[in-house]
Structure formats: C-alpha cells, structure tokens
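# below are the sequence and a predicted model; questions follow.
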Amino acid sequence: MKNHIAIFAIAAMAAVQCGAPASVRAQTAPAAPALGTPPKSDGTPVPRTRDGKPDLSGIWNKSLVQNTARAVEPLPFTPAGLKAFNDVADLIDPTSRCIFPGVPRVNSSPYPMQIVQLPDKMIFLYEYMHNFRVVYTDGRGHRKNWEPSLLGDSIGKWEGDTLVIDTAGLTDRTWLDDHGNRHSDALHVTERWRRISATQLWYEETIDDPAFYTKPWTTGWVMPLAPKEWELMEYACTDNNKDLYDGHLRPGSLDGSGRNGSALATPPPPRR
C-alpha cells in the first residue's frame, strides 16, 4: 500500500498542474477481454449465499472495453442511428465533461467495481467518478413517470444462477462505449451477471433501442476478481469539470487510422 500512496501523491500533483481530476487508483486493469462468448471456468467453485444463490459480492477488476459492439459489427443501424454515429466525431465525449457514463457504459470503463449482495437488493459501487447504483431484487416493477437519468430505473431478478437486470428510463446524454456508439432515450438495457468461477464474473448486455437500431444486439465479456487487498479509491470528477485525456478533451470515436481523434479541433459539447 505504501507504493500505492506514493503513486497517488505523484498523480495528484500532476492532475493539479494539468487541470485533470485526480484518481487515487494505483491498481492495474487487466488487458481488454475477448467479447461475445463466456470463457471456460477456471475450475474454482462458485461461492454461494445462505439461500443458495451465487454470491456476486467482491471487487471486480473491470477492463476498458473501448468498442463493446466489436463482436457484433456491423451494427443494425436505423437511419437515425447511423447519422448519430457518424456525427460523433463532432462531439466531445460526455465523460470528458465529467458526466457519469451511465448504464451500460460504466460496465466497460477501466476502473474497479464492488458488488454488495443483499437478500432484496444488489448494490454496485463504482470507483469511476465515485458513484453507486442500487438494484432491487424484491419483485417490484419499474417506477411510473420516471424522469430519464444517467443510471435509469433498474430492477433485478434471478433466473437460475444468473442475475438479470432490466433498465429503462435512460437519458440520451451518454454513449454506449468509448468508441462513440450512440443511443437514444428509447434505450432499454438488459444485463446478465453470472459468476462462472470463484474468480470470474461473466457480464452480458443486450441493447434494445428501436430509434437507433433495427433489432436488439448483445455483447459480453468477463471481469476478473480483484486481489483481496484491493479497495475502491477516490476519483474526483464533478459534472461539467474537464477530465483531460493526454492534455485534450477526449474526442469522438476512433477514426480509420486507429487514433483516438486527438488531432481533431475541439468540437462543441454534447447536446443536452
């Protein structure tokens, strides 16, 4: 931990000098995972709660999945969806303004996440932008007259050993991933969480957005369990501050050369 503190001190000083928000996270994210197909279990037994359900509790070391649709491309765009995707190069990534990535993008960000499992709810604690999410599993339905938000309205249920989370009421202020895949406020997300071993958590998301895609599409990847000594650390980033990437506001999607578009002129902020 001493090394972690020393690294944080250096990172914090650099962040103050360049204007970037500081994260005290000194832990390393794993390499980007393969998408689309669950890996084989490593053979370690899945821990279970007293009621027999798989225990998803723990800190999970999420990887950066820059293009979550990589395994299903080409995407089934509607004309409006294709236009929105092509327009993304003229927009600043919302997270550059310290706007929380929301559902489902928060699950593909490269910062640890802690799950706290209770009999009637699941609590997700995110190191990235220091946020949280509560998903009830007590049989309740979606709230009525829900104001669209970054995290939307989520309800959960167990289907065998899989936790299924249904999320609606999402704002269109966010993107689906770092690649700039877009969505409308008609987005409906179904997440499936399954612990396939003591050290592996399989995550799957189905994107259903009839305004931007002609049919739902599904992608998924594995998240490894973090070492026991890990803990969530502070990430300071407040809405409308600037989260600088390499000295620039993080740009739109990857261009054909594979660059992250940092040579682009600073575009206008995302529409609200």
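Structure's in. What do you need? Bear in mind that the values here come from a model prediction, so they are computed numbers and not experimental data. Numbers count the residues shown, from 1 in each chain.
# I'd say Pro47 and Lys53 touch.
No: at 10.2 Å, Pro47 does not count as touching Lys53 under the criterion of C-beta atoms under 8 Å. (C-beta placed from N, C-alpha, C; glycine too.)
# what sits against the residue lying closest to Gln66 once chain neighbours are set aside?
Nearest residue to Gln66, sequence neighbours excluded (C-beta to C-beta, 6 or more residues apart in numbering): Asp178, at 4.3 Å. Shown in contact with Asp178 (C-beta atoms under 8 Å, 6 or more residues apart in numbering): Leu64, Val65, Gln66, Asn67, Asp93, Arg105, Ser108.
# can you tell me the SS state at Asp178?
Using DSSP: H, G, I helix; E, B strand; the rest coil, the structure places Asp178 in coil.
# how much space between it and Thr95?
Taking C-beta to C-beta, to the nearest Å as the criterion, Asp178 is separated from Thr95 by 8 Å.
# and if you look at Lys53?
For Lys53 relative to Thr95 (C-beta to C-beta), the value is 33 Å.
# so between these two, which is more surrounded?
Shown here are Lys53 and Thr95; by other C-beta atoms under 10 Å, Thr95 has more neighbours (23 against 16).
# now the strands: where do they sit in this structure?
Here the chain has its strands, by DSSP state E, at 58-60, 113-118, 121-126, 131-136, 153-159, 162-168, 188-197, 200-208, 217-224, 244-245, 248-249.
# among those strands, which is nearest Gly43?
For the strands of the chain, the distance to Gly43 is smallest for strand 188-197, at 6.7 Å, taking C-beta to C-beta.
# partner strands of the closest one and their direction?
strand 162-168 (antiparallel), strand 200-208 (antiparallel) (DSSP bridges).
# please compute how far that strand lies from its chain's middle.
Here strand 188-197 is found 13 Å from its chain centre; the criterion is C-alpha atoms, centre = their mean, to the nearest Å.
# list the contacts of that strand.
So strand 188-197 is contacted by 38-39, 41-47, 54-56, 103-104, 107, 152, 161-168, 170, 201-209, 220, 222 (C-beta under 8 Å, 6+ apart).
# got it, and stretch 40-52?
Pro54, Asp55, Gln117, Pro119, Asp161, Arg195, Ile196, Ser197, Ala198, Thr199, Gln200.
# ok, stretch 201-210 next?
Around stretch 201-210, the neighbours that count as contacts under C-beta under 8 Å, 6+ apart are 38-39, 56, 60, 68, 78, 81, 104, 107, 176, 183-184, 186-196, 213, 216-225.
# switch to 7 Å and redo it
38, 56, 60, 104, 107, 176, 183-184, 186-196, 213, 216-223 (C-beta atoms under 7 Å, 6 or more residues apart in numbering).
# what subset of those is buried?
With burial judged by 16 or more other C-beta atoms under 10 Å, the buried subset of the contacts of stretch 201-210 is 56, 60, 104, 107, 176, 183-184, 187-196, 213, 217, 219-223.
# on that earlier part again, out of the contacts of stretch 40-52, the closest to Lys144 would be?
Lowest distance from Lys144 to these (C-beta to C-beta) belongs to Pro119, with 25.4 Å.
# ok, the closest one - contacts?
Taking C-beta under 7 Å, 6+ apart, we find Pro119 in contact with Asp51.
# cool, Ser109 as well?
Applying C-beta under 7 Å, 6+ apart, the residues near Ser109 are Lys62, Leu64, Pro101, Tyr128.
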